[in-house]
Every structure is written in structure tokens, then in C-alpha cells.
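Trainee: below is the structure, and that's it, no one-letter string:
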Ligand SMILES: Cc1cc2nc3c(=O)[nH]c(=O)nc-3n(C[C@H](O)[C@H](O)[C@H](O)COP(=O)(O)OP(=O)(O)OC[C@H]3O[C@@H](n4cnc5c(N)ncnc54)[C@H](O)[C@@H]3O)c2cc1C
Ligand SMILES: Cc1cc2nc3c(=O)[nH]c(=O)nc-3n(C[C@H](O)[C@H](O)[C@H](O)COP(=O)(O)OP(=O)(O)OC[C@H]3O[C@@H](n4cnc5c(N)ncnc54)[C@H](O)[C@@H]3O)c2cc1C
């Protein structure tokens, strides 16, 4: 965590200085704004925290609810989401409070007495082997709380506008704020009033029954209802020995997905209520709680639960559906999009794979910086077209995975030939539910793979996977990627060739080029901004940290920034072994010993991997994404 | 973190339910209270957080300042303090924000050109090898903020009374509140008013010029001024390559202790201003800041600092002094103490070893639970006599260590024969400044060592050193000791013999004994309280966690507690290897394979280590500390 950069800060360093629209931010929803986010679920709240990092852009989040979510809904947090929380500054807090999944166990009928269940398999949960981040369970309400904290602590001081309902919108052809939005106050002093407000962009984060989706005429494609589940968060007295282990229970009487929850006592149970018949007309939603509990006991026989408290319950009836496009631009039109859909508003699926909240947040993470860069004048509006293009395939993969996984879990015992099969599938496909399988195709922000050097551990289009390195200035072992916060900046990781600093080397040449006025880094950084305001450049030497003489490192890697002109010491790293670290990131990620440049997007995805001398390719690539700022001023701080 | 135990909690689980005096706690300082703490420094604020865990006891903390500390004072946090923060629930947050010391470097005159300094040694800082907790640097103000959070989130909802000055006190022979205290409001609406309030106990946490010390006629023994240091927290531009490394710089022009601070830019420098002559009369305190900066530059030659911002500076002039006793009881008197001294009020020393804040907090930690237990009727008042008896020797050791260390660091270059000597001393004595060398002698709360079984890794009288174990209920690897929060409870770690649960075994016999009505655990736990309200008993089996069948574990280790009668699953651990852990706590801490009982005090010190069959010894020991509650009611919750 870096702070005191503009002078000493007394108090919580997580609270950044207010700036731009965050200074005296109006409490009331204004008449016009740059970005209007509809809905404060995981997608909307990630966007709130992200846009609050762009304080020059006015962003408002409207939410029909009167206040924060209190309980219920999703609770599965994949490692990729924890990685995202790290970027928003609250990973260590939520990890301390969440339940950590170490194992997933499987239960099935006892072959000797099929009326009873027995444990058929234990699997070590995947997270620790796939990422440095864990696989957690914690209430969606708490995730939203942490994003709300992050949003209000960020320079934009963003707070959702609760009690405001979206009614409809019209996208006009022109005007500074072409989207006209009708809203109604449904709580507070203005309750009942309808208003029209205007925005440059609108993001529909308004969940499965999205009004924004309807307003732009997008269609949810797929079967509405496939399967119904009784869900309950319960405190019980039980003799079931795996009450604190995630379990799939498969018995003649039905199926349960059992998920221990944060705090050591609470658990969530999903009890299968079966296929919903065509003409059911939501009848299944009236299944009484008692009936759900009765079924749970039947499935768990010979074990039982005595429910002492029900924190939340619901009948979750959901189909596998994806919207036909995630923005408002019709095929054939070449205007840039003005309205976007994220999360459940554009994809729904079962809760079995624990993906809903996670994929929704990644939608928001994908879109937020793009809005930020276009509205800041750093990038052309065409950047916004990549949102739908990148996220639709992810949603489709999710639906496919979820369909397969739910079908496997919903099988009757007699359909299961090998009890280890589910366990094997669970581990074999772990990268997907961990959130790390997403790979974006080539576009203006993902280099064509053929044009890049191969660096096995940093596949182009996938998220940048961190590794431990030594920070040269102080010898601390830190995760290379964890320094990157969700502050909307591009990251450039410069892996040096084998020469130490001081010697003539490819990395020294690269630094001289990058610092020169004609380089894309210079041209795309506003002249009155800090040299690292748009591109945060870090270097990783191959030596041991003691052997890297900071005095000889090119200035680009230890720039003087901020009003006091203070040296940023935290851009120079070393891969050699030290007392506290024996991981060599070059070996660990297969980085060429001749060096490489890894360009990473603000949402942590690898945009390009290039050899050090390939400065022309880097220029060409960035020319396609950025607008020349060398003669303007920094729109983010001025 | 355990919560939802009394039903679902929406919101931050770190906020405990208000209870007792925490419900509608008066904003105004009342006329009478159980405990009055004077001063809100590290000792006072630890006590605030600790006493807020005893909500049946009314505790107030008065502080002369108008509000929170804003900057300056101490910043060195030893691993033992981080361990303590863990018990108060904020370790992960403060670690994320603090500077972590990985190395300490030493600089001395260049033999080739003694006018210049060169790096003479690098030493890996000790923390990671000594403890799972790091060695941190963070402003005292932030430490106090975190304790303030912990105090207000605890059931007692304690908030310091700012703007109230202690003037004097009288200890009366009798009465319910025998200590009469004179205070003056120095801020707020009542500013200027003097009042008399009464308390059962008063704790002087009022720093080096303690008025409480004076009021009880205790004397600070030792020389007042020995050495003066110019201290400054600065943001600079510099070419000194170790600006982000803790360094001792020893040059012909003088000495500097240089300490990088949190946030990546700020550093603290202690510049030696030499011995203060006898008749100086605090003249040294008028040394101008410019002069301090000039000296710093002189010492650092050929490097230099260009100071851009001074966050805080001070001339720190301090002697090595210890007060003759840490409470108000004169030798020969047998009444129990009513007034206590902690922290700088009873011991002062240089800042060189970075101990002040740390030892002060440990004073508070030692005293808090004792006040809690005596005022709750769990223990006799004689328990309070152990405070001075235990903490005076620690203070004396601190003075001795600090004197030696300061003398070594203050030497002139020509007195240093081997430049590695300081480095070797630093590492060789690391256990002391880490805070782990404290070992309390035998008393009513520390068993005579001869009477206990030997368990190398848990020395009686030292703090319980945690180790990783598997939690049986969910297979998570957790630190055995980290479950223990600073909630005023005793901990009983029962290390099982080699039998698994279910088999007849020494641990099963022990559990049967402990659960029987005549056992000390039963007798000293109020009958209407949870079975683990006073003694939190945990068991560690030698098997792998998969091989421990929770259904066969004695009920004592999985009690049903709270209003909902929920099973506490987090008391049963396993030492065998697992996918996530290969540390065997039995081997790691030298625990006898026939089992052992490790009794740990609420302040985390090992009180006794006994073989499983030695139930008579355990009874005898606890009979000396506790009052029979089997016929009363729980004073902490009723
Ligand atoms: C009742 C319910 C139960 C669920 N249970 C589970 C579960 O058990 N397991 C699981 O994995 N997932 C569950 N989910 C799904 C999971 O919560 C979602 O996948 C996830 O929250 C998607 O995030 P989102 O941000 O896209 O939308 P949501 O979290 O649905 O957020 C949408 C937000 O928009 C607001 N909104 C909607 N319309 C308007 C409007 N017109 N004007 C203003 N605001 C509006 C809503 O109030 C809501 O706050 C559940 C969802 C719901 C709604
Ligand atoms: C000005 C100063 C500079 C220091 N600089 C350093 C340093 O550079 N490095 C270092 O390691 N240590 C330093 N220390 C020492 C370090 O801060 C202490 O060791 C540590 O704070 C001791 O904690 P404590 O709780 O015992 O007392 P303190 O932190 O001193 O707290 C005492 C509190 O009591 C209050 N108080 C005093 N008298 C009264 C009264 N009559 N009524 C009400 N309230 C009262 C004070 O306002 C203060 O808040 C410094 C201390 C001071 C005071």
C-alpha cells in the first residue's frame, strides 16, 4: 500500500483524497451525469468502486432497494474474485471473515443399505494449487459492503442512490448526454416522484429481470425454467459429520448441495426440487420451507438436521439463458454503444457451480476501465465495442459448464457408475470455476497471438498471473501483480535481459526508448500528469536483489512523481533467490532470459507479450487503443 | 472468526453485540465506575479494548488530549505485538498497511576514505524465523486507531473520554469505590470544570511524566537524561540507496538510526545529539530542525537528503528509569492494590530498540484480564498483586537490553573493531526485541516449573507459541493459537495420546474428568454460563484429520452453546499431515506422545503444562487462582 505521497496523511490510508466530482459530491441524483449504473448488485457495486477511481467522471448508481442488501443471494467466491478484491484493497479483510473451502466431499447411497448415505469421496479443493488466492464462501451482502467501502474511500466518494427505480430509457442520436432515463423515487422524501435524467452511458446491472435489457430490446435466449432448488441458510443441531465441509449429497430421495458458511455455524443447503414442468407457472415457488426441510432430512438419512434458525430461504428457479448482445448496438450500425448489460441482466444459470456473483463482477471489471478511458479521452469510443465482444463468449462458456455440471450433480444414484467420477470432474475442470479460464480473443486490446513472443506463464488474453519477487528497495518478498490496484492504469512489466543495471543491455535500451518523447508511453500520457499516470511500468531483473544497484537503474523505473517529486521506490524487482524467497519468476512463468515486455490491461488481462526490441510492435498496438495526449492536459486530474 | 452464534448477523461480524454497560453507555464520564484508566496511549488503549470485552464492568478511559493522536511518537511494532493485534482481531489489516522489515543494514566509514560511508553489513531481520508474525513499522496513531475500533466494536462499546485531565487521587481504606480521583475537563462544553469521580481501580497509563505515579508516591529510579536524539519523519529526495531499509549509520560525524515507514515514501531518522550534560536543563530540546537535518546530511556523506516535507519532528531526550513498584501497595501492607502503573509511567528508555510502545501494550495485556477476573468474581483480589511482580522484571530487562544496545550503536567508528559485530548482536539477541523473551516466574498463575511435565516448545511462563494444525471439521489448516481472542478466557489445549477418538484413551479419561461436576472447569464456570465461558478447551489428536471421527470425540470438545444450542465445531484439531499442512505440532513443539495439557492464561502466557493423568495438580493449581462459581451465576453475562 503506497501513501503519504502528497504529504503526510493522518488516519486510515485506505481513504484516498477526494478529487473531481468527489469534492462536494451532491447527495441528490443530478439531472445529468456521465455514467448511470442501474442496480447495486455485484456488477453494479464493482462498477461503483471502479468508477470512483475516475473522479473526473460523474457516475451515479441507482438502486430500487431502500438500502444495503441484508442477507441471502449468492455466496460462492472464486479465487479470481479474491484476486479482484485484492486490486480493490479489501482481500485480506474479507478472507479473514469468510469461510475457506479446503475440501469438497461427495456422499452417495451406501451400497450395503441404499436408504442410507455414506461418504464416497473427498477432494482437496482446487484453489491453493491454482492461485495464491483461496476459494471462499461469504454472503453477497458482505461483498457488496466491501465494494461500497471501496467506492466511498476512493477519490470520487461514490455512494449509491438507494430508493430510485429505473423505469425506461431512450437513446437519442445526438446531444452531450444522449441517453434519456426515466426513474421513480421509491423511498425517502421524494418517494413517488418520477423524473427524467440524462447520461452519456447507462449500464444495466439490474439482475435477471432487467428493465434495461427490455428497454433496449435485447432478448434473453434460452429456456426460462429448467430446475428449481429450495435454498436455505440455516443454523442447526445435527449429527451429520460433514456439516462444515462443502458436500454434494446424492441419495435415492434426491440431491443436496451443502455449503458451510462464514462464522463457523451457518450453512447453506440447496435442495433439489426437480425439473419444473412446462406449465408450472411458478407454482414451485410456493413450496413451503417445512417441505424443503423435510426433504433435506429425507435425503440425509440416517443423519438429520434440527433447524434452530433460518437466516434466509428462497426457491431458486432459474434457466440457462444468455442475452443476444450485451449492448444496444444493432448489427450493421456503426455508432458506438451507449447502453450495456452486465451480470444476471444478460446471463442466468443455476447456482450449482457458484458462478453468478463472480462472473457478474468480472463483467463490471471488464467494462469499468473502458468507460473510464473513453470518458477521460484516453481511448476512442470504439473501445466500448469490445465489452460485448469479450463478455458474450464468457457467458456462453459459463452456461455450457454449468449445464454439464448441474446435469452431473442431478443424476440419480443408479445413473452413477463410478462414485469418484464427480470428484474427478470437479478437480479436472477446476480452472473454470476458479475464474481463470477466461481468455479474450484478439482485438484492439488483445494482441494477435501470432505477433507476440511466447511466454508460457503469461498467455495473451488471460489474466496476468502473479508470482513472488523481491522488491529491490527493501528486500521484501511481494507478489509482483499485487501492487497493481484497480486504479484504471495499464501495467507494463518489463522483464530484463541477463545484464545487471549499469551494463549496456536490452532493458536499458528499452527504457531509453520508452522515456523518449516519441514513444507511445510519452505520447499517450498527458504532459501535465505524472509519468506513470497512464502506464505503470515495473522492471524485474534476473539478479538477486542485493546485486541490483538501484542507483544504476534507469530513471523510468524510479520516477519522481507527485507534488513533492518523491521517488517511487516500488517499481524495481529482482527474481534471484533471497532469504525470504526461492521462486524465480522467470522460471516459474517461462519468461525468456533475453527479456520480455508484458503489457497488462487495467482489468489485469494480458494484452501483449513482446520481446524487448519489439518497440515498433508495441507502438503499433498502443496506437490502436490510445489517443495522443502529448499536447493536451490530463483529463483525470485537471 | 466465529459469529452467527446467536442467530444471523447482517453487517460487519467484527462488531459484537452490545452487552452490559455497553448498552446505552453514557456519553458523559459518570460519578463512579469500576475501572478508571488514565491516558489513551498504547497501554491505555489496549486496556480499553480488553476491558470492553468485560461489559459487566464499567470502565472509562480519560485522556487529556482533545481527540485521537494524529502523528509522531513510536512506530516500531515487534512480532509479539502483531500476535497481540491478532488476538484483538486487527492483525491482517495493520499488516497490510504497515512497513514490513525484511532486512537491517549497517553503514560505517569507508576504510579507504573515512569521510564517506559504505554499507558494512546486511542482516535478514529476525521476525520470520522467530514467529509467524512480522516485524512492522507503523505510526503509533494508527495502532491507537485500531485499538479504538476494537474497543468500540466490543460488547462494552468503550470510547475514550477525551479532554479530561487527571489531577490527583486518594485511596481510601474502604467503600465500594475506594479511589477518589480529581479530574478537570479541558475541552468540550464542560471545559474548565473540576470534578471528583470514584473508582474501584485506577490504572496510570499517563506516560513518562505520570501524574498517577506522583499521586501514589512512587519514584522513578535512574538518571533522567542520558542521551538526546533529533527525530524526524520526513519525505525527501535522496540518492541514499538504502532509503527503504532499516539502517544503523555510524560515521565520524555521528550516528543515525534510519527507519523506513509505512506507505513507501516516508522515513524516520533518529539523529544522535549526544550525551546531555548534567546542567543542560533541557537546552538540547531547542536544537532547531535545520540543525538536525544538517547533521543528518553530514553523517550520510557522500549521500544527501533534500527534505521536501516534515511530517513530525521532536527532540527525544530520555533516560533509563524504572519505577520502584508498579502499584500502590507499600511493602509490608497486605491490602490488595488499587492503583497500577503501566508503560512509560513506570519505565522509560531510549527509542533505539523500538520497544516503548510494545512493552507498554504488554503491560496492559498483563493487567486487563486480571482486573476483569477479579471484578467479575472469578478470581480473588490477590491476583492483582501479580501485575507488579510480573512486569517489573520485564521492565528491568528492557532497560538493561536497551542500555547495551544503545551503547553499542552510539560507539564511534574507531571503537568498532569488527563491522559485523553489531549485525551479529542484532540477530543473536533477536528474541528479546521480538518480544518473546519474557518469562514470568512461578506464582499463583504460573506453575512451579518442577511440578510440570517438560514440553520443550511450550515453556511455562512464556507466551504460548502457535503452530499450524488441521481443523477436523473442515480440513482447513489454521494456527492453533490464533483462535484464541483477547476475550478474557483461559485456554486449555489438550494434546491427545496416540489413540484415535472412540478408543479408550488417556484423553477420553481426561475429558470425562473435566466434564464431571467436581472438576475445576465445572466448579469455576458459573452454572448458567456456557460450558466454555471461562475455559475454552481444545483438543489436538495425533492422527490425520480424515482419521478423526468427530462423532466419537468427547462432547466436551464439541459443546452445544449459546441460546440456540449450536455445536461449536472449532475445538477439535489434528496434527497429522494433510494436503495443506506438513507440520506436526507434536514434533514441532516437543509434545509428549502420551499427551499433555497446556493451560494458557487469557494474556496468552503458558500457566502450566501437565501430563493428562495429572488432574490433581491441575485442580490444585486452579484452586489457587479461581473462586468456586458452581452455585452462583455468571457475573459476565447476567
Ligand atoms: C432472490 C435471489 C436469490 C438468489 N439466490 C442465489 C443463490 O442462492 N445462489 C447463487 O449463486 N446465486 C443466487 N442468486 C444469483 C446471484 O445473486 C446473482 O448471480 C448475482 O447477484 C448477479 O449479480 P448482478 O449484479 O448481475 O445482479 P443482482 O445481484 O441481481 O443485482 C441487481 C440489482 O438491481 C436492482 N434492480 C433491479 N431492477 C431495478 C430497477 N428497475 N431499478 C433500480 N434497481 C433495480 C435490484 O434491486 C438488485 O439490487 C440469487 C439472486 C436473487 C435475485
Ligand atoms: C512526544 C513523544 C515522543 C516520542 N517519540 C518516540 C520515538 O520517537 N520513538 C519511540 O520508540 N518512542 C517514542 N516515544 C515513546 C513512546 O511513544 C512510548 O513509549 C509509548 O507511547 C508509551 O505508551 P504509554 O501508553 O505508556 O504512554 P503514552 O503513549 O505516553 O501515553 C500517555 C497518554 O496519557 C495522556 N496523559 C498524560 N497525562 C495525563 C493526565 N494528567 N490526564 C489525562 N491524560 C494524560 C497523554 O496525553 C497520553 O495520551 C515518544 C513519546 C512521546 C510522549
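Mentor: That came through fine. Note that the structure is predicted; figures quoted are calculated from it, not measured. Ligands and ions are numbered 1, 2, ... in the order given.

Trainee: how about the closest residue to residue A:311 other than its chain neighbours, phi and psi?
Mentor: For residue A:311, ignoring the flanking residues on the chain, the nearest one in space by CB to CB, 6 or more residues apart in numbering or on different chains is residue B:8 at 3.5 Å. C-beta here means a position set from N, CA and C on the backbone, and glycine is covered the same way. Per-residue torsions, residue B:8: phi -70, psi 140 (degrees, to the nearest 10).

Trainee: which residues of the stretch 301-450 of chain A score low on pLDDT?
Mentor: Applying pLDDT under 70 to the stretch 301-450 of chain A flags residues A:413, A:419, A:450.

Trainee: who are the contact partners of the most centrally placed residue in chain A?
Mentor: Geometric centre of chain A, nearest residue: residue A:362, 3.4 Å, by CA atoms, centre = their mean. Applying CB atoms under 8 Å, 6 or more residues apart in numbering or on different chains to residue A:362 gives the contacts A:80, A:81, A:84, A:391, A:394, A:435, A:438.

Trainee: quick one on the thing from earlier: quick one: the residue nearest to residue A:311 from residue A:60, how far?
Mentor: 31 Å (CB to CB, to the nearest Å).

Trainee: more neighbours: these two, which one.
Mentor: Between residue B:8 and residue A:60, counted using other CB atoms under 10 Å in any protein chain shown, the more crowded position is residue A:60 (25 against 21).

Trainee: the longest strand along chain A: how far from the chain's middle?
Mentor: When chain A is parsed with DSSP state E, its longest strand is strand A:305-318. Strand A:305-318 sits 28 Å away from the centroid of its parent chain (CA atoms, centre = their mean, to the nearest Å).

Trainee: how about that strand: buried residues?
Mentor: Applying a neighbour-count criterion of 16 or more other CB atoms under 10 Å in any protein chain shown, one finds A:305, A:307, A:308, A:309, A:310, A:311, A:312, A:313, A:315, A:316, A:317, A:318 buried in strand A:305-318.

Trainee: right, and the fourth one touches residue B:563 too?
Mentor: If I follow you right, that is residue A:309. No: Residue A:309 lies out of contact with residue B:563 (CB atoms under 8 Å); the separation is 9.5 Å.

Trainee: find the residues that touch each one of the two.
Mentor: residue B:7.

Trainee: need the buried residues of strand A:305-318 in CSV with distance to residue B:298, can you?
Mentor: Formatted as CSV, those follow (distance: CB to CB, whole Å):
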residue, distance to residue B:298
A:305, 74
A:307, 75
A:308, 72
A:309, 69
A:310, 72
A:311, 66
A:312, 67
A:313, 73
A:315, 77
A:316, 72
A:317, 77
A:318, 73
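
Trainee: out of these, give me the two with the largest separation.
Mentor: A:308 and A:318 (28.6 Å; CB to CB).

Trainee: how many neighbouring residues does residue A:9 have?
Mentor: Neighbour tally, residue A:9, other CB under 10 Å: 19.

Trainee: swap that for residue A:575, please
Mentor: Neighbours of residue A:575 using other CB under 10 Å come to 28.

Trainee: swap in the one 3 residues further on?
Mentor: The number of residues packed near residue A:578 is 20, by other CB under 10 Å.

Trainee: can you check the one 10 residues further on too?
Mentor: Applying other CB under 10 Å, we find 15 other residues in the vicinity of residue A:588.

Trainee: separation between it and residue A:132?
Mentor: 12 Å.

Trainee: and if you look at residue A:510?
Mentor: Taken as CB to CB, the span from residue A:510 to residue A:132 is 28 Å.

Trainee: can you name the residue of the stretch 151-300 of chain A nearest ligand 1?
Mentor: residue A:207 (2.9 Å; CB to the nearest ligand atom).

Trainee: for that residue, grab the count of nearby residues.
Mentor: For residue A:207, using other CB under 10 Å, the count is 21.

Trainee: just the pLDDT at it, thanks.
Mentor: If you check residue A:207, the pLDDT there is 96.

Trainee: can you tell me which residues contact the nearest residue to it once chain neighbours are set aside?
Mentor: With sequence-adjacent residues excluded and distances taken as CB to CB, 6+ apart, residue A:207 is closest to residue A:344, at 4.6 Å. Counting by CB under 8 Å, 6+ apart, residue A:344 touches A:41, A:43, A:207, A:208, A:210, A:356, A:360.

Trainee: how would you label the third one: helix, strand or coil?
Mentor: Just to be clear, that refers to residue A:207. coil (DSSP: H, G, I helix; E, B strand; the rest coil).

Trainee: now do the biggest helix by length in chain A against strand A:305-318, angle only.
Mentor: Determined from DSSP state H, the single longest helix within chain A is helix A:385-409. Counting by axes from the mean of the first three to the mean of the last three CA atoms, to 10 degrees, helix A:385-409 lies at 130 degrees to strand A:305-318.

Trainee: just checking, which helix or strand succeeds helix A:385-409 along the chain?
Mentor: Moving toward the C-terminus from helix A:385-409, the next helix or strand (DSSP states H and E) is helix A:420-428.

Trainee: so which residues make contact with that next one?
Mentor: Counting by CB under 8 Å, 6+ apart, A:104, A:106, A:120-124, A:126, A:248, A:250, A:405, A:408-409, A:416 sit against helix A:420-428.

Trainee: show me what counts as buried in it.
Mentor: A:422, A:423, A:426.

Trainee: quick one: which of those residues is nearest chain B?
Mentor: Taking CB to the nearest CB as the measure, chain B lies nearest residue A:423 of those, at 13.6 Å.

Trainee: pLDDT score assigned to the residue of chain A most remote from its centre?
Mentor: Most distant from the centre of chain A: residue A:112, at 46.0 Å, with distances by CA atoms, centre = their mean. pLDDT, residue A:112: 94.

Trainee: out of the buried residues of strand A:305-318, which are close to ligand 1?
Mentor: The subset of those within reach of ligand 1, by CB under 6 Å from any ligand atom, is residue A:316.

Trainee: between the buried residues of strand A:305-318, which sits nearest ligand 1?
Mentor: residue A:316 (4.9 Å).

Trainee: how about the closest one, what does it touch?
Mentor: Taking CB under 8 Å, 6+ apart as the test, what residue A:316 contacts is A:228, A:229, A:230, A:231, A:270, A:351.

Trainee: how about the nearest residue to residue A:537 once chain neighbours are set aside, what does it touch?
Mentor: Leaving aside its sequence neighbours, residue A:537 sits nearest to residue A:492 (CB to CB, 6+ apart; 4.4 Å). Contacts for residue A:492 (CB under 8 Å, 6+ apart) come out as A:514, A:521, A:535, A:536, A:537, A:538, A:597, A:598, A:599, A:600.

Trainee: is it true that the last one touches residue A:608?
Mentor: No: with contact defined as CB under 8 Å, residue A:600 and residue A:608 do not form a contacting pair (9.0 Å).

Trainee: look at those two and report which has more neighbours.
Mentor: Shown here are residue A:600 and residue A:608; by other CB under 10 Å, residue A:608 has more neighbours (26 against 22).

Trainee: having no further points to raise, I will conclude here.
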